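**Q** this one's sequence-less:
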Ligand code: NG1
Ligand code: ZN
């Protein structure tokens, strides 16, 4: 151990700790890029240890801050199954990053001892990074960190999307094909070929992709090549002139409920936005009256779940398909799923919760409203679909089981994936021969509003029932309930953000005016009952006050 300690002490000297306390949250560590170097180096150490603890299987390390501004950066680890790092290790990561420089070698030794790994054990860490200028520098920090643990190698995959790196880790450990573009493209083409478009169909394969000026722009170009003539993607916000995530990308479009301002969109054009690391996607379009329509994760989930269910029925396969949402799912989307008798589960915010819950279904479709999601197939579903495909007679065109089999191969079963999700949406639209308006018309969303409130300590807010109700402070939920009761189709909940130092307020109601009104009043209730700090949110004037004339 002495020799290992020496090299770690040397590394620590090169990457001294910055002041502050740091927490491995739902998105790993995420901060201003200037403070990330020592964090990434220490996460390199941890990734190497994790690989050893997992019997030498490959683990991943991704350098990205997703939809955050370009000045930020972040790091998260990928477990051998391609999913997020096991929750139990979040505390270990937080501890390792917060110990003083002089205690890093000791902390590493403690982890090795606790999990019974020695110097001789081997391991390997796959590293990927986004397009941020700071990501190059942080890559060096990550590789240095890995080198501090004996017998663990690192492999740099360059600039890749987050889901691509997750895919590579999963594929390697499962001994499956690691040719990401070929896997998506080949399977896409096979399904698309079996879903011919009739003359006068409302569906065409033309899609405009907003690449968020990030890694997703290059991904869209690759995807376009991989899918041949069945898809025709054109890319805006491709990073050649604009700034990463600035006035573009999935988070901008979803949060502002508007299109990126730097482009003229054609009426009824089908467009989608990726986020900065290409693990989220939302669709949108402007209609003939220049009105913006958002087709977010909720609508994507309904579309994909129905596509799968139709194919299952056509193939006479009985498997239970469920959709996992969070409290942010629009009430109208939840109603549609209920009407169509599609089972629903609701979890706390954060994809790790949704991913976990989706495994309760034989086929689990999960999406956050913000566009992060994917489809998981259980072993039973995989086997039944594979067997049914084998039993189908071989013709030029795939039968329903064959279509489902190849559709299943497209899904990134490790994590949300803009490119894979785009393909799943496009095939569902192609089968229905729907335009974007046809899709949008399936479900009319309730107008909604999201606000942020600053409080002295957001952790004073405790929630239950998948974050839909507040338990502490005790006066807050009764206050929200009495406000909600005043609004037609009103619904509202509040929760502390896991990624920002704010309390998030969500409200929906029958009109945009009333949704905004409810949100503003709930924000005031949070401020008053949960130790608001700074400026109190503006209390809106009573609705209809202006209309009262005597
Ligand atoms: P927080 O800050 O905890 O609300 C946000 C998103 C999550 C998830 C994480 C991780 C919303 C309302 N919240 O979490 O869905 O994507 O970031 O990036 O969109
Ligand atoms: Zn992302």
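**A** Here it is on my side, so go on. Keep in mind the model is a prediction, meaning the values are calculated, not measured. Numbers count the residues shown, from 1 in each chain. Ligands and ions are numbered 1, 2, ... in the order given.
**Q** neighbours around the residue of the stretch 301-450 of the chain found nearest ligand 1, how many?
**A** Closest residue of the stretch 301-450 of the chain to ligand 1, CB to the nearest ligand atom: residue 370 (4.0 Å). In short, each C-beta sits where N, CA and C put it, glycine included. Residue 370: 24 surrounding residues under other CB atoms under 10 Å.
**Q** Then residue 488?
**A** Per other CB under 10 Å, the neighbour tally for residue 488 reads 8.
**Q** Contacts only, for it.
**A** Residues near residue 488 by CB atoms under 8 Å, 6 or more residues apart in numbering: 509-510, 514.
**Q** What of residue 111?
**A** 46, 49, 92, 96.
**Q** Apply 7 Å and report the result again.
**A** By CB atoms under 7 Å, 6 or more residues apart in numbering, residue 111 lies in contact with 49, 92.
**Q** Next: residue 237.
**A** Neighbour list for residue 237: 210-213, 217, 248, 260 [criterion: CB under 7 Å, 6+ apart].
**Q** can you redo those residues as CSV with neighbour count, distance to ligand 2 and pLDDT?
**A** Converted to CSV, the contacts of residue 237 look like this (neighbours: other CB atoms under 10 Å; distance: CB to the ion, whole Å; pLDDT from 0 to 100):
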residue, neighbour count, distance to ligand 2, pLDDT
210, 30, 14, 98
211, 29, 13, 98
212, 36, 9, 98
213, 25, 14, 98
217, 22, 14, 98
248, 27, 14, 98
260, 22, 17, 98
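**Q** quick revisit: if I look at the residue of the stretch 301-450 of the chain closest to ligand 1, how far off is ligand 2?
**A** 9 Å (CB to the ion, to the nearest Å).
**Q** helix/strand/coil for that residue?
**A** Three-state call for residue 370 (DSSP: H, G, I helix; E, B strand; the rest coil): coil.
**Q** quick one: pLDDT of it?
**A** The model reports residue 370 with a pLDDT of 97.
**Q** Tell me who's in contact with residue 249.
**A** Contacts of residue 249 by CB under 7 Å, 6+ apart are 67, 210, 212, 273-276.
**Q** still on that earlier bit, so what's the residue of the stretch 301-450 of the chain closest to ligand 1 closest to, chain neighbours aside?
**A** With sequence-adjacent residues excluded and distances taken as CB to CB, 6 or more residues apart in numbering, residue 370 is closest to residue 254, at 5.2 Å.
**Q** Quick one: residues contacting the one you found.
**A** When contacts are counted by CB under 7 Å, 6+ apart, residue 254 is found next to 282, 294, 296, 370-371.
**Q** near ligand 1, which residues of the stretch 451-550 of the chain?
**A** 497-500, 504 (CB under 6 Å from any ligand atom).
**Q** Just the buried subset of the residues you listed, written out for ChimeraX, thanks.
**A** Command for ChimeraX, covering only those of these found buried under the criterion 16 or more other CB atoms under 10 Å:
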select :504
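**Q** give me the residue from the stretch 101-250 of the chain nearest ligand 2.
**A** residue 162 (6.1 Å; CB to the ion).
**Q** Now for that residue: which residues touch it?
**A** By CB under 7 Å, 6+ apart, the contact list for residue 162 reads 62, 64, 277-279, 415.
**Q** again, only using 8 Å
**A** The contact partners of residue 162, by CB under 8 Å, 6+ apart, come to 62, 64, 66, 128, 130, 277-279, 415.
**Q** hey, where'd the strands end up in the stretch 1-150 of the chain?
**A** Per DSSP state E, counting those that start in this stretch, the stretch 1-150 of the chain carries strands over the ranges 29-32, 58-63, 72-78, 123-129.
**Q** List the buried residues in the last one.
**A** Pointing back at strand 123-129 there. 123-129.
**Q** quick one, it and strand 72-78 angle?
**A** Counting by axes from the mean of the first three to the mean of the last three CA atoms, to 10 degrees, strand 123-129 lies at 150 degrees to strand 72-78.
**Q** list the contacts for residue 187?
**A** Residue 187 neighbours (CB under 8 Å, 6+ apart): 406-407, 409-410.
**Q** rerun at 10 Å
**A** Counting by CB atoms under 10 Å, 6 or more residues apart in numbering, residue 187 touches 226-227, 405-411, 420, 423, 427.
**Q** Can I get these in JSON lines including pLDDT?
**A** Shown next, in JSON lines, are these (pLDDT from 0 to 100):
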{"residue": "226", "pLDDT": "98"}
{"residue": "227", "pLDDT": "98"}
{"residue": "405", "pLDDT": "98"}
{"residue": "406", "pLDDT": "98"}
{"residue": "407", "pLDDT": "98"}
{"residue": "408", "pLDDT": "98"}
{"residue": "409", "pLDDT": "98"}
{"residue": "410", "pLDDT": "98"}
{"residue": "411", "pLDDT": "98"}
{"residue": "420", "pLDDT": "98"}
{"residue": "423", "pLDDT": "98"}
{"residue": "427", "pLDDT": "98"}
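**Q** Restricted to helices, list these.
**A** In helices, judged by DSSP state H, the following of the contacts of residue 187 are found: 226, 405-410, 420, 423, 427.
**Q** Which among the residues you listed count as buried?
**A** With burial judged by 16+ other CB under 10 Å, the buried subset of the ones in helices among the contacts of residue 187 is 226, 405-410, 420, 423, 427.
**Q** Looking at these, which one is closest to residue 531?
**A** residue 420 (42.7 Å; CB to CB).
**Q** so which strand or helix has residue 158?
**A** Secondary structure assigned from DSSP states H and E places residue 158 in strand 152-159.
**Q** ok, then the element right after that strand?
**A** Next helix or strand after strand 152-159 toward the C-terminus (DSSP H and E): helix 162-174.
**Q** tell me the angle that next one makes with strand 72-78.
**A** With the same axes, to 10 degrees applied, the angle from helix 162-174 to strand 72-78 works out at 20 degrees.
**Q** related to what we said a few turns ago, closest to ligand 1 among the contacts of residue 162?
**A** residue 66 (5.9 Å).
**Q** who's in contact with the closest one?
**A** Contact analysis of residue 66 by CB under 10 Å, 6+ apart lists 27-28, 30, 72, 74, 76, 130, 162, 212, 214, 245, 249-251, 275-280, 372, 499.
**Q** Please identify the residues of this structure in proximity to ligand 1?
**A** By CB under 6 Å from any ligand atom, the part of the chain that sits against ligand 1 consists of 26-27, 66, 328, 349-350, 368, 370, 372, 497-500, 504.
**Q** Return the closest of the residues you listed with respect to ligand 2.
**A** Among the residues of the chain next to ligand 1, and counting by CB to the ion, the member closest to ligand 2 is residue 66, at 3.2 Å.
**Q** And for the closest residue to that closest one other than its chain neighbours, the neighbour number?
**A** The shortest distance from residue 66 to any non-neighbouring residue, by CB to CB, 6+ apart, is to residue 277 (4.7 Å). Neighbour count for residue 277, taken as other CB under 10 Å: 34.
**Q** Which helix or strand contains residue 277?
**A** Assigned by DSSP H and E, residue 277 falls within no helix or strand.
**Q** Break the chain down into its domains, please.
**A** If you go by automatic domain parsing, the domain ranges for the chain are 8-174, 190-197+205-295, 297-441, 448-547.
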